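> No letters, just coordinates:
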């Protein structure tokens, strides 16, 4: 387990998938989300990968859509040419769409899934 020390976020590196695996839980503020994303980018660099499996199903993002858009837009310039498989609940799909859209603007591949198996398969297929 990799521990950048941000509460409510667990990080690991899956060597077979060649991806950082991130699991978030609990209430997430914009500041914690931004710090978490910075840690993800640093771990990606450290492991020489451009891929992340991000599971947010146990996280609570109690932010208005406009705040989410502005927050993700402020993070996006730091990421380009990366691949994110984001696992969401049905209730989080709007947030997932925001991530997909803003990610694509910076030439990232971002896809949302409701199952970890589908997310892993997508990352694995793109690694072939």
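Okay, I see it. Everything quoted here is computed from the prediction, not taken from an experiment. Numbers count the residues shown, from 1 in each chain.
> what kind of secondary structure is the spatially most central residue of the chain in?
In the chain, the residue lying closest to the centroid (C-alpha atoms, centre = their mean) is residue 54, at 4.0 Å. Secondary structure assignment for residue 54 (DSSP: H, G, I helix; E, B strand; the rest coil): strand.
> Tell me who's in contact with it.
By C-beta atoms under 8 Å, 6 or more residues apart in numbering, residue 54 lies in contact with 22, 24, 40, 84, 85, 86, 87. To be clear about C-beta, it is placed using only N, CA and C from the backbone, and glycine gets the same treatment.
> So which residues of the chain form strands?
Assigned by DSSP state E, the strands in the chain fall at 9-14, 19-27, 51-60, 83-87, 109-113.
> Quick one: mean pLDDT for the last one?
Across strand 109-113, pLDDT averages out at 88.
> on contacts alone, who are the packing partners of it?
strand 83-87, helix 93-105, helix 116-126 (3 or more C-beta pairs under 8 Å, 6 or more residues apart in numbering; DSSP states H and E).
> and those, which one's lowest on average pLDDT?
helix 93-105 (a mean of 73).
> Could you list the low-pLDDT ranges of this structure?
Applying pLDDT under 70 to the chain flags residues 1-5, 63-69, 71-79, 103, 105-107, 127-128.
> buried sites along the longest helix seen in the chain?
Across the chain, the longest stretch assigned as helix under DSSP state H is helix 30-47. Within helix 30-47, the residues scored as buried using 16 or more other C-beta atoms under 10 Å are 30, 32, 33, 35, 36, 37, 39, 40, 41, 43, 44, 47.
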